[in-house]
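Trainee: Fold the following and give me the result.
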Amino acid sequence: MGTVVLRCYAELNDFLPRTQRNTTIAVSCAGHETVKNLVESLGVPHPEIAALLANGEPVGFGYLVRPGDRVEVYPVSTVPDTPLFPLRPPLTTFRFILDAHLGRLAAYLRMLGFDTLYRNDYDDPELARLAHDEQRILLTRDVGLLKRSLVTHGYFVRTTVPVQQIGEIVQRFNLRSLVTSFQRCIRCNGLTRPVEKAAIAHLLAAKTRQYFDRFWQCQECGQIYWRGSHYARMQQLTEQVLCQTDEISPSLPVTSDERREMCDA
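Mentor: This is a model prediction of the structure:
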């Protein structure tokens, strides 16, 4: 048995023990292990990897490492300027699926118009299957879930503050130009559309009927939205996400009551 010299770059070091970060690592190798399995054994989930080089040459996840190899592992932020081996099919659109611990982030993504699946009763196999079958990006804080073989596109959400998580995701996937705020139902992910007040007046509280005239309704679940008192706060959050992603204030939470008042701009 020999050794492989391996180096992970930039944010991939988040998954390594402190003693192995930002340095070369000598890893035991018997010569019959794929580079994917070798890297994941160190803690790095494969969806976080954007490029692999072995001895300076681009390789895929199925490359069999050999004693003496030098392996370089890159995230999307530091992809080397060289022709690369494609590690996964490219996405044609940005659609997401989130695990049970990211409910508030799911609401924010829907608020910005992104197709986002979320249920708090999805188990790990179902999350992986849906992500694979529907070509969705799996967002999670569970490294083990990201390592499932069915998952091709995924990301480990670093921060635990929901209002900062949405800024992190917009920045990571370069989503600013794709935002269409207040087009989706926060509750079920369906699309919303304008609805005549007369058609839903019987569903409104008395004060809502009195003070508001413009309404939107989800085409899937029937949830009604209007520009309530918290609309300006939600607009402020959206503007911060679009213009100052790195400086989003954690003091701008959107409560469950505020979500009910969200509507199409």
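Trainee: rest of the way, CA atoms for contacts and neighbours
Mentor: Fine.
Trainee: Which of the residues in stretch 197-214 are classified as buried?
Mentor: For stretch 197-214, a neighbour-count test (16 or more other CA atoms under 10 Å) marks 197, 209 as buried.
Trainee: For it, list the C-alpha coordinates in PDB.
Mentor: Output of stretch 197-214 as PDB, limited to C-alpha atoms (Å, rounded to 0.1, in the frame of the first residue of the first chain):
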ATOM      1  CA  LYS A 197     -61.400  41.200  -4.900                       C
ATOM      2  CA  ALA A 198     -65.000  40.400  -5.500                       C
ATOM      3  CA  ALA A 199     -64.100  36.800  -6.200                       C
ATOM      4  CA  ILE A 200     -62.400  36.200  -2.800                       C
ATOM      5  CA  ALA A 201     -64.100  38.900  -0.600                       C
ATOM      6  CA  HIS A 202     -66.000  36.200   1.300                       C
ATOM      7  CA  LEU A 203     -62.600  34.700   2.400                       C
ATOM      8  CA  LEU A 204     -61.200  38.000   3.800                       C
ATOM      9  CA  ALA A 205     -61.300  39.400   7.300                       C
ATOM     10  CA  ALA A 206     -63.400  42.500   7.700                       C
ATOM     11  CA  LYS A 207     -60.400  44.900   8.100                       C
ATOM     12  CA  THR A 208     -58.600  43.300   5.100                       C
ATOM     13  CA  ARG A 209     -61.700  43.900   2.900                       C
ATOM     14  CA  GLN A 210     -61.900  47.500   4.200                       C
ATOM     15  CA  TYR A 211     -58.300  48.500   3.700                       C
ATOM     16  CA  PHE A 212     -57.000  46.500   0.700                       C
ATOM     17  CA  ASP A 213     -58.100  46.300  -2.900                       C
ATOM     18  CA  ARG A 214     -55.300  44.400  -4.700                       C
END
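Trainee: And the lengthiest helix in the chain, what's buried?
Mentor: Counting by DSSP state H, the longest helix found in the chain is helix 231-243. Of all the residues in helix 231-243, those buried under the rule 16+ other CA under 10 Å are 231, 234, 237, 238, 240, 241, 242.
Trainee: Stretch 68-77 now?
Mentor: Going by neighbour count (16+ other CA under 10 Å), the buried part of stretch 68-77 is 69, 70, 71, 72, 73, 74, 75.
Trainee: The fourth one sits in which helix or strand?
Mentor: Read that as residue 72. Under DSSP states H and E, the secondary-structure element containing residue 72 is strand 70-74.
Trainee: What strands flank that strand, and is each parallel or antiparallel?
Mentor: Partner strands for strand 70-74, per DSSP bridges, with pairing direction: strand 2-8 (parallel), strand 51-54 (antiparallel).
Trainee: and it, C-alpha only, in CSV?
Mentor: Extracted in CSV, the C-alpha atoms of strand 70-74 (Å, rounded to 0.1, in the frame of the first residue of the first chain):
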residue,chain,number,x,y,z
ARG,A,70,-1.1,14.0,-6.6
VAL,A,71,-4.7,15.0,-6.5
GLU,A,72,-6.1,18.5,-6.4
VAL,A,73,-9.7,19.2,-5.5
TYR,A,74,-11.4,22.5,-6.3
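Trainee: next SSE after that strand?
Mentor: Using DSSP H and E, the helix or strand that follows strand 70-74 in sequence is strand 96-98.
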